[in-house]
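Enquirer: Predicted model and sequence below, questions to follow.
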Amino acid sequence: MNEKLQESAVYLRCCNTLELEAFKLYETLSRKINHPESSFVLGLAYDHLKRGKIIQGILGNFDLREIENLSCRRNLDELLSEISAFSKSISRINNLNCEVASEILNELINMEELLCGVYTSYLQSSAPKFLVDEFSKLVIVNLVNFKKVFEAFVEEKDTYRETIIEVIFSLEAKETDRLRHITPVVKFQNPDAWIHESTLHAFSNAPEKASAE
């Protein structure tokens, strides 16, 4: 395997690792939030797993022993570390409230932008051509069609962003509805009823208590 071909294969191997780590992140998050939002998050997880499998299929045409000990580019290595650390942080959260969940989901939009950049850089390089030239020794392969695989990865970014935003809106709508139902409006309708029906749970939110008083 020549040097340029080797570099291209290493880049894809690192992309595969990124996708599998993104799968773990989304899967971890899906276990922390309720249905049906968890189903959408799990769907995003399996989209990343699918990407990883596609890349694995491409790499299956090479002797991976020649690249297994070679390092990823610094930017890919740093992104991998960030995704892994973020996933571990999520796994340590016991009670994921709406505010924290929304913050996490917004961070995932940023992560998708970075992953999109990884594939955009790959497409703009000469790396795909080196792979296609190698494949053409074995089968008939077209560079344009080969690049369409990664162009699809880039295009999926907008779909992922829309899905994440919809999940955020759904979580916030549920939280708004929850807060609306626990607001002690009965106090203003019938003061005596408020005195007799209140519980310690009703005073668990200090700002609401101060406002009511």
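Expert: That came in fine, so what should we check first?
Enquirer: Show me which positions of the helix or strand containing V149 end up buried.
Expert: Secondary structure from DSSP states H and E places V149 in helix 143-182. Neighbour counts over helix 143-182 (16 or more other C-beta atoms under 10 Å) mark 146-147, 149-150, 153-154, 156-157, 160, 163-164, 167-168, 171 as buried. Using the backbone N, CA and C atoms, a C-beta is placed for each residue, glycine as well.
Enquirer: Let's have the residues you listed in CSV, adding pLDDT and distance to V41.
Expert: Compiled in CSV, those are given as follows (pLDDT from 0 to 100; distance: C-beta to C-beta, whole Å):
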residue, pLDDT, distance to V41
F146, 87, 31
K147, 92, 29
V149, 92, 25
F150, 94, 24
F153, 94, 19
V154, 94, 21
E156, 92, 15
K157, 90, 16
Y160, 92, 11
T163, 93, 9
I164, 92, 8
V167, 92, 6
I168, 91, 11
L171, 86, 11
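Enquirer: pretty sure E172 is touching C98, no?
Expert: Yes: contact criterion C-beta atoms under 8 Å: E172 and C98 qualify, at 6.3 Å.
Enquirer: just so I have it, where are all the helices in the chain?
Expert: Taking DSSP state H, the helices of the chain run over residues 3-30, 37-59, 74-91, 98-124, 127-135, 143-182, 186-189, 191-197, 206-212.
Enquirer: Which of those helices has the highest mean neighbour count?
Expert: helix 3-30 (a mean of 20; mean count of other C-beta atoms under 10 Å).
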